[in-house]
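# fold the following.
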Amino acid sequence: MALVSNLLKYSLSVSTKIVRNSKFRNVHTTGSLFNQKLVKVTFIRANGDKIETKGKIGDSLLDVVVNNNLDIDGFGACEGTLTCSTCHLILDPDVYKSLPEGPCEEENDMLDLAYEVSETSRLGCQIILSEKLDGLEVKLPSTINDAREN
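Numbering: from 1, shown residues only. Alright, predicted model coming up:
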């Protein structure tokens, strides 16, 4: 029964990613359940507390939060459809510059509505994990703004 439950979760996860991401530029699938490399990600709260976890290469930072059931209030309220700014993160300048793509117009529109925006702000739903991002540390703003409520 546990195997069926896990396969169902995986199937729903892949379907959600395809629907969620095909509307925008980051179309990908999770791939095989086996032999997926994990990378370390650390979320740093505004008070300095760190949440260390791991994510699969090809997953977004929003996927990492959801898949690991991280306790980050309100994070990813729109489920990655670029209609809120609740997955706003602040990256180190070197990491920001190293990302393969900058923010698209829709992401910039949502960042305009986020609190504590910086020059290196991005939405976690748009940051896709790669081997190069192993050890990534991202800062969480002290509060969120759900742009859907404005």
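# helices along this protein, start to end?
2-22, 61-67, 93-98, 105-111 (DSSP state H).
# give me the buried positions along the third one.
In terms of neighbour count (16 or more other Cβ atoms under 10 Å), helix 93-98 has its buried residues at 95-96. All C-beta atoms are positioned from the backbone trio N, CA, C, and that covers glycine.
# what's around Lys56, how many residues?
Close neighbours of Lys56, defined as other Cβ atoms under 10 Å, add up to 16.
# same check on Met110?
The burial count for Met110: 23, using other Cβ under 10 Å.
# quick check: it vs Thr83, distance?
According to Cβ to Cβ, to the nearest Å, Met110 and Thr83 sit 7 Å apart.
# now do Gly102
Taken as Cβ to Cβ, the span from Gly102 to Thr83 is 20 Å.
# contacts only, for Lys54.
Counting by Cβ atoms under 8 Å, 6 or more residues apart in numbering, Lys54 makes contact with 38-41, 64, 68.
# these, buried ones only, as a PyMOL selection?
The buried residues among the contacts of Lys54 can be selected in PyMOL (16+ other Cβ under 10 Å) with this line:
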select buried, resi 39+41+64
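# okay, the contacts of Lys54 in TSV with distance to Lys54 and pLDDT next?
What follows is these, written out as TSV (distance: Cβ to Cβ, whole Å; pLDDT from 0 to 100):
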residue	distance to Lys54	pLDDT
Leu38	4	96
Val39	7	97
Lys40	6	98
Val41	7	98
Val64	8	98
Asn68	8	97
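# which one of the contacts of Lys54 is nearest Cys78?
Nearest to Cys78 among the contacts of Lys54, counting by Cβ to Cβ, is Val64 at 16.5 Å.
# which one is the closest one nearest to, not counting chain neighbours?
Nearest non-adjacent residue to Val64, counting by Cβ to Cβ, 6 or more residues apart in numbering: Gly55, 3.6 Å away.
# number of residues surrounding that neighbour?
Neighbours of Gly55 (other Cβ under 10 Å): 23.
# report the separation between Glu107 and Ser130.
Counting by Cβ to Cβ - Glu107 and Ser130 are separated by 18 Å.
# neighbour count winner among these two?
Glu107 (20 against 15).
# correct me if wrong: the more buried one contacts Leu123.
Yes. Assessed by Cβ atoms under 8 Å, Glu107 is found in contact with Leu123 at 5.3 Å.
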